[in-house]
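1. give me coordinates for this.
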Amino acid sequence: MFKWLMLFIYVAINVYLLWRINNWFKKILPFLKNKWIHAVWLPLYCALACTVFGDLILPESLFAKVIYKIGNMWIGIMIYLLMFALITDLCIVIHALYCKLKKSDHKIKLHTYYIAGSMVIIISAVLTVYGSIHMNNTRIHNYDVYVDKHVEGISDLNVVLAADIHIGHTIDAKMVEQFVEKVNSLNPDIVILAGDIFNNDFDDIKEPVKINNMLKSIKSKYGCYAVYGNHDVTEPLVGGFSVYEDNTPVRDPRMEKMLYDAGIRVLMDETIEVCDGKIVLTGRLDGEKTGSIGTERMGLNELMSDIDYSKPVFMIDHEPEELLEKAEHGVDICFSGHTHAGQFFPLTLTSPLAWDNDWGILKVENMYSIVTCGVGVYGPALRVGTDSEIMNIKVHFN
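-> Numbers count the residues shown, from 1 in each chain. Below you'll find the predicted structure:
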């Protein structure tokens, strides 16, 4: 039912945009009223809107990859066209109501239509192009946090946190190579990958052997640790988004093998001791999709029942949820991702409403919630108002 609702919404959005663009064209370019012109550009628009389904219906080929790229870009520009078209229509309604109150002529002049429509298209295109370029620029953000516990022989710990790499169609071997180079340049003591390492379909990875070797080359003093996220499962996507109702998708075993071969320790509701046994590290299964049918995530009471709280307690949880509960269970630092900080405007405005900590560092009682906005992207390959980032966190002990 959910996927049909999403399909209906998608079709409704495109019908609205088609109607608005068509009316705008006819006002400023009367020759477009010609039925032969309509017979050309209307099918072109419909074909463009259908590219988002290419990955579902086309067999694996170079053509299918090109269609996927076009469809991904179209989702971005469609979102901006919709937003600015709605704003324009709202202004038209307000103008009409104002003129009605003033009992004046509310007819909008032709040049106003020309300017407004041109601005909608130009701004939408510029934001989409900018976002597609900006997403490739991964930045390093540095932070300091202080844990009031003594660790014998370790006064400071250099933690490198990354999440939401989304290896697949968009994030290819070249981008993974750049990511690993940046991580290694920070000389980490420990590397933490907080979920969504893959982007659902393992077969979308173009050079898995090469990527595996790159992940294997991550260097850190005490190792690399990870958890899985809600995209580390096999699940069909439309336009980069999950629109299916199945809440029990399973994980492709090749994902687990790649990380195992790369020497990355994945924690699935497990608690271990790291840094020569001096720090406790707990890794949680994703609360939304555990990756295994019949498997449910452990509660905090069960997961943390036998922890030595005299040591610093770190937790990796893909989604930054249950922050107060984690703090009350004695977690010192919780590392998360998932939110992308909204990834692109206007979702950057709604992300802080959905999460207590959608990005950055938040102190919850005695616990630090540290959330990265991610290396890769989901949905449209855009970043507008956020950065692709790697967090370099210096943890200072008492």
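2. helix or strand: which one has the residue nearest to D269 when sequence neighbours are not counted?
-> Leaving aside its chain neighbours, D269 sits nearest to M298 (4.5 Å; criterion: CB to CB, 6 or more residues apart in numbering). Heads up, the C-betas are built off the backbone N, CA and C, glycines and all. Secondary structure from DSSP states H and E places M298 outside every helix and strand.
3. buried ones in stretch 324-340, by neighbour count?
-> Within stretch 324-340, the residues that count as buried by 16 or more other CB atoms under 10 Å are 326-327, 329, 331-340.
4. just the residues you listed: which are in strands?
-> Judged by DSSP state E, the buried residues of stretch 324-340 include 333-336 as members of strands.
5. what about stretch 373-380, distance to the chain center?
-> Centre-to-centre, stretch 373-380 and its host chain are 3 Å apart (CA atoms, centre = their mean, to the nearest Å).
6. also stretch 67-82?
-> Offset of stretch 67-82 from its chain centre (CA atoms, centre = their mean): 16 Å.
7. ok, now stretch 120-139?
-> Distance of stretch 120-139 from its chain centroid, counting by CA atoms, centre = their mean, is 16 Å.
8. over that stretch, what's the mean pLDDT, rounded is fine.
-> Mean per-residue pLDDT for stretch 120-139: 92.
9. show me the contact partners of it.
-> If you take CB atoms under 8 Å, 6 or more residues apart in numbering as the criterion, stretch 120-139 is touched by 73, 76-77, 80-81, 84-85, 88, 175, 178-179, 182, 344-345, 375, 377, 380-384, 387-390.
10. strands along the chain, start to end?
-> Under DSSP E, the chain gives strands at 138-147, 156-162, 190-194, 224-227, 264-266, 270-274, 279-283, 313-316, 333-336, 360-364, 367-371, 388-397.
11. closest to R254 out of those?
-> Closest of these to R254 is strand 264-266, at 13.5 Å (criterion: CB to CB).
12. could you report the neighbour count for the residue nearest to D269?
-> A total of 17 residues lie near M298 under the criterion other CB atoms under 10 Å.
13. show only the entries of the contacts of stretch 120-139 found in helices.
-> Within these, residues falling in helices by DSSP state H are 73, 76-77, 80-81, 84-85, 88, 175, 178-179, 182.
14. nearest to K103, of these?
-> Closest to K103, out of all of these and judged by CB to CB, is T88, at 24.3 Å.
15. tell me if I'm right that that closest one and A116 touch.
-> Yes. Counting by CB atoms under 8 Å, A116 is a contact partner of T88 at 5.3 Å.
16. can you list the weak-confidence ranges in the stretch 51-200 of the chain?
-> Within the stretch 51-200 of the chain, the stretches with pLDDT under 70 are 105-108, 110.
17. ok, the buried residues of stretch 324-340 vs S369, which is closest?
-> Using CB to CB, the buried residues of stretch 324-340 come closest to S369 at C334, 5.2 Å.
18. in the sheet, who's paired with the closest residue in space to the closest one that isn't next to it in sequence?
-> Of all residues not flanking C334 in the chain, M315 sits nearest, at 4.5 Å (CB to CB, 6+ apart). Judged by DSSP bridges, the bridge partners of M315 are T282, C334.
19. could you shift the numbering so residue one becomes 54, and keep it that way?
-> Yep, numbering from 54; the last one is M368 now.
20. list the contacts of M368.
-> Contact analysis of M368 by CB under 8 Å, 6+ apart lists 334-337, 379, 384, 386-388.
21. separation between it and D329?
-> For M368, the distance to D329 (CB to CB, to the nearest Å) stands at 19 Å.
22. and stretch 369-380, average pLDDT?
-> 96.
23. now the terminal residues of it, how far apart.
-> 13 Å (CA to CA, to the nearest Å).
24. how about the contacts made by H391?
-> 216-217, 247-249, 282-283, 371-373, 424, 427.
25. can you lay out these as TSV showing neighbour count and distance to D256?
-> Putting the contacts of H391 into TSV (neighbours: other CB atoms under 10 Å; distance: CB to CB, whole Å) gives the following:
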residue	neighbour count	distance to D256
A216	31	23
D217	28	20
A247	30	24
G248	29	20
D249	28	17
G282	29	19
N283	21	19
H371	29	23
E372	20	26
P373	24	30
V424	28	30
G427	30	22
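26. pick out the most distant pair among those.
-> Across those, the longest distance by CB to CB is 15.0 Å; it joins N283 and V424.
27. before we move on, back to that, in ChimeraX, select just the buried ones from the contacts of stretch 173-192.
-> Of those, the buried ones can be selected in ChimeraX as follows, counting by 16+ other CB under 10 Å:
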select :126,129,130,133,134,137,138,141,228,232,235,397,398,428,430,433,434,435,436,437,440,441,442,443
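28. returning to that earlier point: farthest pair within the ones in helices among the contacts of stretch 173-192?
-> Among the ones in helices among the contacts of stretch 173-192, T141 and K235 lie farthest apart (CB to CB), at 41.0 Å.
29. from I147, how far out is the residue in the chain sticking out farthest from the centre?
-> Distance to the chain centre peaks in the chain at K156, reaching 49.3 Å (criterion: CA atoms, centre = their mean). Note on K156: its distance to I147, by CB to CB, is 16 Å.
30. do the same with Y167
-> Relative to I147, Y167 is positioned 20 Å away (CB to CB).
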